[in-house]
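> Predicted coordinates and the sequence they were generated for:
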Amino acid sequence: MPDAVEISIITDYHAHVYFDAGSRAAAAELRQNVENRFAVRMGRWHEVAVGPHVQAMYQIAFDVALFAELVPFLMLNRQGLSILVHPQAGRPRDDHLLRALWLGEPLAVKGDVLPEAV
């Protein structure tokens, strides 16, 4: 059995909030609510699929210390949006595909465009 990976390797987290034309207003409302309540780093609106993401989205980058507060907030306020939450632990492919959690309906992630390590 392999040794357990220590959580100390997590430097921070990303939450990717996915939307389409019909859910963009909900995504904007969620974004505003997060910005008003939390010290996070908001990514740009990506109106088309970009990188490993197969749908329009924006990213929320946040510190490890915010996980216990921000993730439950997203759970309760996601308004039906799909959100991918993943650690930044130095292995982008694993972080997005194996170490992630989904709030709402999981979407495909193009793992082949993600590097194994940074």
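Structure received. Numbers count the residues shown, from 1 in each chain.
> Just give me the residue right at the centre of this protein.
Nearest to the centroid of the C-alpha atoms of the chain, with distances taken as CA atoms, centre = their mean, sits A15, at 1.9 Å.
> three-state assignment of that one?
strand (DSSP: H, G, I helix; E, B strand; the rest coil).
> List the residues that contact it.
59-60, 62, 70-71, 74, 83-85 (CB atoms under 8 Å, 6 or more residues apart in numbering). C-beta coordinates here come from the backbone N, C-alpha and C atoms, glycine included.
> from the residues you listed, which ones fall inside helices?
70-71, 74 (DSSP state H).
> got CSV for these, with distance to V50 and pLDDT too?
Listed next are the ones in helices among the contacts of A15 as CSV, based on distance: CB to CB, whole Å; pLDDT from 0 to 100:
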residue, distance to V50, pLDDT
L70, 23, 98
V71, 23, 98
L74, 21, 99
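> Generate a PyMOL selection restricted to the buried entries among those residues.
Here is the PyMOL command that picks out the buried ones among the ones in helices among the contacts of A15, judged by 16 or more other CB atoms under 10 Å:
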select buried, resi 70+71+74
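> how about the strands in the protein?
12-18, 41-42, 57-62, 83-88, 101-103 (DSSP state E).
> How far away from the center of its chain is stretch 89-103?
Chain-centre distance of stretch 89-103: 9 Å, with CA atoms, centre = their mean, to the nearest Å.
> should've said stretch 99-114
Offset of stretch 99-114 from its chain centre (CA atoms, centre = their mean): 9 Å.
> likewise stretch 76-93?
3 Å.
> swap in stretch 110-118?
16 Å.
> likewise stretch 40-55?
For stretch 40-55, the distance to the chain centre is 10 Å (CA atoms, centre = their mean).
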